[in-house]
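Engineer: structure for the following, please:
(one chain, ligands or ions: 1)
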Amino acid sequence: MEIIILPTAEDVAQLAADIFEQYARKGATLGLATGSTPVAMYTELIRRHKEEGLSFAQSKAFLLDEYVGLAKEHDQSYYATIRREFTNHIDIDDAHVHSPDGTADDIPAAGIAYDHAIKEAGGVDIQLLGIGTDGHIGFNEPGSALTSRTRLKTLHPQTIEDNSRFFDSPEEVPIHVLTQGLGTISEAKHLLLLATGEGKADAICATVEGPLAAVCPASVLQLHPKATLIVDEAAASKLEHADYYRFAFEHNPAWK
Ligand code: GLP
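Structural biologist: Residues are numbered from 1 along each chain as shown. I've put the predicted structure just below:
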C-alpha cells in the first residue's frame, strides 16, 4: 500500500484526478464510486474534459454498488447519482456506464451477471474507493468475506444514518444493497482509496495499521499488490506511522 497524506481535501482531489487522467488517456476501464468524497475529483475531471480536451470516449465504467429496490430514476439511486455528478458531463458513452441492477427480480442472479460483465470487459483497470465510517468499501459492511463476490448486503444502521443526509428521512434509506464483493473489488488492477475529514480517521487507521480482518472490510487493501490511499491531514490524524508515509512519498521515485 502507498499512503499519501496531503494537506487538504482539494489536494486529494487534484492528485486523484492526475492518476485517473492517466488511465482515461489509455481508454482504461474505470471503476467508479459514489459518496461525497470523490465529487471534487469528478468536478476536476469534468473541468479537464471541458477546458483541456481530456477524453473518456474510449473508456468503460463500472460502478461499485446500488441500493436494492430504488428505481433507476430515483435521484438517490447510484445509477442516477453517477450520471448527475460525473458521466453526463464527459464524453463517455452512456451505454458503457454500468451499475448493479438493484431493481432485478432475482438479485443473486443480478450479482453474478454483474461480475460476469466486468470479466467480459477485461476487468477494471483502476477502481476508485471511498470508505464508510465503519470501514466499509462499496457497501461491504463489517463481517464481509474478504473473497466475496457481487451480492446482496444488509446495511449497517450506522451507514443508514450516515447516508440519510441524502434522503428526506432515515426511513427512506433502503436497508438492502447490491454491492461488488471484496473479492470482486480486489481483482481491479489498481485500487485508489480517497478519504477526507476527521470522521474517517478511525476507519483509515484500522485499514492501514489494523489487522487484515473482515471487521474492517477496507483492510483487504493490505493484500492488494497496487493500492494507493490518498488522505488529507484530518483523515490521517490517527496514523501511528504518518511520518514514515510522508517520508516514503517524498522519496518515491515514481512521483518525481
Ligand atoms: C456509501 C458508498 C461508499 C462510500 C461511502 C462513504 O456508503 N456505498 O462507496 O465510500 O458511502 O461516503 P462519503 O464519501 O460520502 O463519506
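
Engineer: going forward, measure contacts and count neighbours with C-alpha atoms only.
Structural biologist: Noted.

Engineer: report the closest residue of the stretch 51-200 of the chain relative to the ligand.
Structural biologist: Going by Cα to the nearest ligand atom, the ligand is nearest to G130 of the stretch 51-200 of the chain, at 3.3 Å.

Engineer: that residue: how many residues sit nearby?
Structural biologist: Using other Cα atoms under 10 Å, G130 has 24 neighbouring residues.

Engineer: for H176, same thing?
Structural biologist: 18.

Engineer: quick one: it and L152 touch, right?
Structural biologist: Yes - counting by Cα atoms under 8 Å, L152 is a contact partner of H176 at 6.7 Å.

Engineer: for my notes, confirm A17 occurs in a helix.
Structural biologist: Yes - counting by DSSP: H, G, I helix; E, B strand; the rest coil, one finds A17 located in a helix.

Engineer: re earlier: let me know whether the residue of the stretch 51-200 of the chain closest to the ligand touches L32 as I believe.
Structural biologist: No - judged on Cα under 8 Å, G130 makes no contact with L32 at a distance of 9.8 Å.

Engineer: shared neighbours of the two, which are they?
Structural biologist: Common neighbours of G130 and L32 are not found (criterion: Cα atoms under 8 Å, 6 or more residues apart in numbering).

Engineer: and Q180, what does it touch?
Structural biologist: With contact taken as Cα under 8 Å, 6+ apart, Q180 is in contact with 64-65, 111, 115, 138-140, 149-151.

Engineer: okay, and which of the residues you listed map to helices?
Structural biologist: Mapping those onto helices (DSSP state H) picks out 111, 115.

Engineer: of the contacts of Q180 - the most surrounded one?
Structural biologist: N140 (33 neighbours).

Engineer: what sits against S219?
Structural biologist: S219 neighbours (Cα under 8 Å, 6+ apart): 135, 206-208, 210-213.

Engineer: I'd like the distance between E209 and Y79.
Structural biologist: As judged by Cα to Cα, to the nearest Å, E209 and Y79 stand 34 Å apart.
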